[in-house]
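# Return a 3D structure for these sequence lines:
(one chain, ligands or ions: 1)
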Amino acid sequence: MTSGTRVTFVPGIPAIFSEALKNICFVKGIPLTRVLHPPMGVDETTGADRQAKLYALTAQTSLPTMFHEQERPRNVWIEQLALAERIGAHDAPMLIPSGFEQRLEVFGLCATLLAEDGFIWNMRILIDSPLGQKYGYSKEASAAAPGKMAEIIGMIDTRLEAQAQRGSSYLVGDALTAVDIYWATFSMSVLPPPAEIMPVTRQNRHMLRYFEANSQIQDIARELTKRIETHQRFILTTYCECPAVLGGDPI
Ligand SMILES: N[C@@H](CCC(=O)N[C@@H](CS)C(=O)NCC(=O)O)C(=O)O
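Model (predicted):
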């Protein structure tokens with residue numbers, strides 16, 4: 001566990017940030033060693049904090065953490081993406097456009113999905129849970145979350161429509177970028193794909209049911225167009241590991 005690229009995962013679970021990083025690394029042709037991400041809470045027998053070692057190594061506890069060779073650990077998506085872009089195979093697609101005009105669009109869109117108060121942040125506070133609490137769950141914040149998520153889905157859909165008119169199937173420009181991978185992966189949390197793409201495991205059954213329930217929330221359901229579905233399926237089946245390899249216990 002001291003060489004190559006190591007990323008922390010929870011077996012059997014498509015934890016959405018890990019799943020996205022896995023897909024980014026897949027596109028970039030980066031072989032990964034999967035490392036078990038220690039769960040929140042305390043060890044039942046010893047009472048020790050299960051994430052103490054992760055915290056000691058990285059000064060944080062979020063999933064996924066990425067290690068590469070002897071470099072410092074990367075815990076934040078924008079650094080993980082930059083690392084993947086640097087260490088990817090020479091013939092792999094570039095996920096960050098070289099032109100700064102397009103880079104502005106890619107990182108702007110990524111921030112609406114991955115940053116604070118973005119799509120996933122709001123998805124996490126839809127329900128009151130230990131993870132939701134960590135991200136500032138309150139009745140008011142939770143009530144506002146579907147509207148914010150819907151606004152983001154609507155913005156993506158409008159962009160896909162405009163891109164289609166220009167003859168592009170991608171979110172920015174005429175080729176795949178990081179935001180296609182992030183969005184296709186994250187959209188699974190409101191539009192779960194069939195088992196041929198996202199297999200059901202003993203560990204993810206409840207999560208997939210939660211994702212299905214998200215797709216029924218009125219504000220969100222209204223924005224889920226055929227275009228959103230077509231883009232998701234196109235990106236996941238063309239560029240990502242498909243079916244997703246999750247570990248855990250398949251059903
Ligand atoms: N640090 C990551 C965020 C990843 C993240 O939010 N992971 C969640 C699960 S989806 C998590 O592990 N939260 C628990 C924690 O932060 O300890 C980033 O900004 O890229």
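# rest of the way, CA atoms for contacts and neighbours
Noted.
# for stretch 104-123, which positions count as buried?
Across stretch 104-123, burial judged by 16 or more other Cα atoms under 10 Å covers 105-107, 109-115, 117-123.
# how about the helices in the stretch 51-200 of the chain?
For the stretch 51-200 of the chain, the helices defined by DSSP state H, counting those that start in this stretch cover 52-58, 77-87, 100-114, 119-124, 130-134, 139-165, 178-186.
# for the third one, packing partners?
Contact here means 3 or more Cα pairs under 8 Å, 6 or more residues apart in numbering; DSSP states H and E; on that basis helix 100-114 packs against helix 119-124, helix 178-186.
# Tell me the residues of the stretch 51-200 of the chain that contact the ligand?
Thr61, Ser62, Leu63, Asn75, Val76, Trp77 (Cα under 6 Å from any ligand atom).
# Could you identify the most distant pair in those residues?
For those, the farthest-apart pair by Cα to Cα is Thr61 and Trp77; their separation is 13.8 Å.
# Now do the buried residues in stretch 27-44.
Val27, Lys28, Gly29, Ile30, Leu32, Thr33, Arg34, Val35, His37, Pro38.
# these two touch, right, the fourth one and Arg86?
It stands for Ile30. No: the criterion here is Cα atoms under 8 Å, and Ile30 misses it with Arg86 at 10.4 Å.
# quick one: contacts of stretch 116-125?
With contact meaning Cα atoms under 8 Å, 6 or more residues apart in numbering, stretch 116-125 is reached by 111-115, 131-133, 135-138, 141-142, 145-146, 148-149, 152, 186, 189.
# mind giving me the domain ranges of the protein?
Domains of the chain are assigned by automatic domain parsing as 5-87, 100-239.
# Let me have those domains in CSV, adding mean pLDDT as columns.
As requested, the domains of the chain are exported to CSV (pLDDT from 0 to 100):
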stretch, mean pLDDT
domain 5-87, 96
domain 100-239, 97
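# could those go into JSON lines alongside distance to Pro93?
Shown next, in JSON lines, are those (distance: least, Cα to Cα, whole Å):
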{"stretch": "domain 5-87", "distance to Pro93": "7"}
{"stretch": "domain 100-239", "distance to Pro93": "7"}
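# thinking again about what came up before, out of the residues of the stretch 51-200 of the chain next to the ligand, flag the one nearest to Arg205.
Leu63 (19.6 Å).
# Spit out the contact partners of that closest one.
Contacts for Leu63 (Cα under 8 Å, 6+ apart) come out as Thr8, Phe9, Phe17, Ser18, His37, Asn75.
# Thank you kindly, that will do.
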